[in-house]
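Q: Below is the sequence, then the predicted model.
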Amino acid sequence: DVKVTQSSRYLVKRTGEKVFLECVQDMDHENMFWYRQDPGLGLRLIYFSYDVKMKEKGDIPEGYSVSREKKERFSLILESASTNQTSMYLCASSLPGQGTYEQYFGPGTRLTVT
Amino acid sequence: QKEVEQDPGPLSVPEGAIVSLNCTYSNSAFQYFMWYRQYSRKGPELLMYTYSSGNKEDGRFTAQVDKSSKYISLFIRDSQPSDSATYLCAMSKGGSYIPTFGRGTSLIVHP
């Protein structure tokens, strides 16, 4: 079974802190994604990566950056956390060339910024 | 107007009911249609997918796509309390690996 793991289930940080969210997948997937999920707004794509060291902005990249140094690992960085970044963060991975019909999601990290 | 519209609910039904969950979309380029289920405090997991129009059945679940009306549905027969979750529709264009998600419908099946 594909497994996507995220470094923390719950995280509390202070405004202005630099925050790292880590995601690891074990199925050699090329594509990896970071979403945030908020009530009433659904899933919004922050960044995605289709290869090592490659990254593309999603719909809401402001205030975030990403790093993909190894195929299995995709990190989301909040350079200076703000209260409006309090959210559920979901990482996902998928294989290319299959019509994107399946993304595998991690369990999510619920981040609270105070 | 969002590309994919989905009523957030909640939809509350008694155990054993037939549930109908729906999404409408505006982009005729969508070819792949998916339904994800998300339990509380978990990540979404793929439930069903279909390519282009038609029906697909898997146990108690049936996915239906009507491209002429830009409308997709997920039917759940003999609903169970364990079906209580948020159901997200998603769709993507051919050649794209970035799906567009609906906002999700919260389903509550009460005993």
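A: Noted; the coordinates are in hand.

Q: Number of residues surrounding B:Pro10?
A: When neighbours are counted by other C-beta atoms under 10 Å in any protein chain shown, B:Pro10 registers 11. Backbone N, C-alpha and C define where each C-beta goes, glycine included.

Q: residues in contact with it?
A: By C-beta atoms under 8 Å, 6 or more residues apart in numbering or on different chains, the residues touching B:Pro10 are B:105-108.

Q: Would you list the phi and psi of it?
A: Note on B:Pro10: its backbone torsions stand at phi -80, psi 150 [degrees, to the nearest 10].

Q: circling back to that earlier point, report the buried members of the contacts of B:Pro10.
A: B:105-107 (16 or more other C-beta atoms under 10 Å in any protein chain shown).

Q: element containing A:Ser65?
A: strand A:64-70 (DSSP states H and E).

Q: Revised request: answer the last question for A:Thr112.
A: Per DSSP H and E: A:Thr112 is located in strand A:109-113.

Q: What of A:Tyr35?
A: Here A:Tyr35 is assigned to strand A:31-38, by DSSP H and E.

Q: likewise A:Cys23?
A: Using DSSP H and E, A:Cys23 falls within strand A:19-25.

Q: Run through chain B and note the low-pLDDT ranges.
A: Where chain B drops to pLDDT under 70, the residues are B:1.

Q: How about the contacts made by the most centrally placed residue in chain A?
A: Centroid-nearest residue in chain A: A:Trp34, 2.6 Å away (criterion: C-alpha atoms, centre = their mean). Shown in contact with A:Trp34 (C-beta under 8 Å, 6+ apart): A:21, A:23, A:45-48, A:58, A:64, A:66, A:74, A:76, A:89-91.

Q: pretty sure B:Ser40 is in a strand, no?
A: No - B:Ser40 is assigned coil when assessed by DSSP: H, G, I helix; E, B strand; the rest coil, not a strand.

Q: that older thread, given the strand holding A:Thr112, what are its sheet partners and their directions?
A: strand A:10-13 (parallel), strand A:87-94 (antiparallel) (DSSP bridges).

Q: circling back to that earlier point, compile the contacts of A:Trp34 into a markdown table and extend it with columns for pLDDT and distance to B:Ser28.
A: Formatted as a markdown table, these follow (pLDDT from 0 to 100; distance: C-beta to C-beta, whole Å):
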| residue | pLDDT | distance to B:Ser28 |
| --- | --- | --- |
| A:Leu21 | 98 | 36 |
| A:Cys23 | 97 | 33 |
| A:Leu45 | 96 | 21 |
| A:Ile46 | 98 | 27 |
| A:Tyr47 | 97 | 28 |
| A:Phe48 | 95 | 24 |
| A:Gly58 | 95 | 23 |
| A:Tyr64 | 98 | 32 |
| A:Val66 | 97 | 32 |
| A:Phe74 | 97 | 32 |
| A:Leu76 | 98 | 33 |
| A:Tyr89 | 98 | 32 |
| A:Leu90 | 98 | 28 |
| A:Cys91 | 97 | 31 |
